[in-house]
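> need coordinates for the below:
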Amino acid sequence: MYDELKRKAEDMGIQVTDLVKFYIKNGLEGVQQSNPRNENTDKLEESIAFLEAKVAQLDSVVMDLVRRLKVFEEAEEDEEVEIKQD
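Predicted structure coming up:
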C-alpha cells in the first residue's frame, strides 16, 4: 500500500504525507456529507492539494534563498569594513 501511495505522490509531485492528509480529509468530509461526491469534485480537490503542496515547496525554497542572500550580504559588508580599515 505504501508503494502505491509513494507512486501516486511522485506522480503528483508532492510528499506522501501530503497525499495521506488529502485522503484523510476526503474520507472525513465524505462521512459528513450525505450527498454523493462526483468525480469532478474529487479531481478538483486533488488538484488543490497538489497546488498547496507545490506552494509550500516554493515557500521553503524562497525562504532558503532569502536566508542565503542575507548571509551573502553580511559577508559582503564585512569585506567592505575590512577594506576601509586598511
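> got the contact list for stretch 1-15?
Val16, Asp18, Leu19, Val20, Glu46, Ala49, Phe50, Ala53, Lys54 (C-beta atoms under 8 Å, 6 or more residues apart in numbering). Every residue, glycine included, has its C-beta placed from N, CA and C.
> change it to 10 Å
The contact list for stretch 1-15 (C-beta atoms under 10 Å, 6 or more residues apart in numbering) reads 16-23, 46-47, 49-54, 56-57.
> same question for stretch 57-72.
Gly13, Ile14, Gln15, Asp18.
> recalculate using a threshold of 8 Å.
By C-beta under 8 Å, 6+ apart, stretch 57-72 touches no other residue.
> coming back round to it: let's see which of the contacts of stretch 1-15 end up in helices.
16-23, 46-47, 49-54, 56-57 (DSSP state H).
> show the buried residues in these.
For the ones in helices among the contacts of stretch 1-15, a neighbour count by 16 or more other C-beta atoms under 10 Å gives the buried set as Asp18, Leu19, Phe22, Glu46, Ala49, Phe50, Ala53.
> and whichever strand or helix holds Glu4, which residues are buried?
Following DSSP states H and E, one finds Glu4 within helix 2-12. The neighbour-count check on helix 2-12 (16+ other C-beta under 10 Å) flags Ala9, Met12 as buried.
> skipping adjacent residues, who's closest to Phe50 in space?
Of all residues not flanking Phe50 in the chain, Met12 sits nearest, at 5.0 Å (C-beta to C-beta, 6 or more residues apart in numbering).
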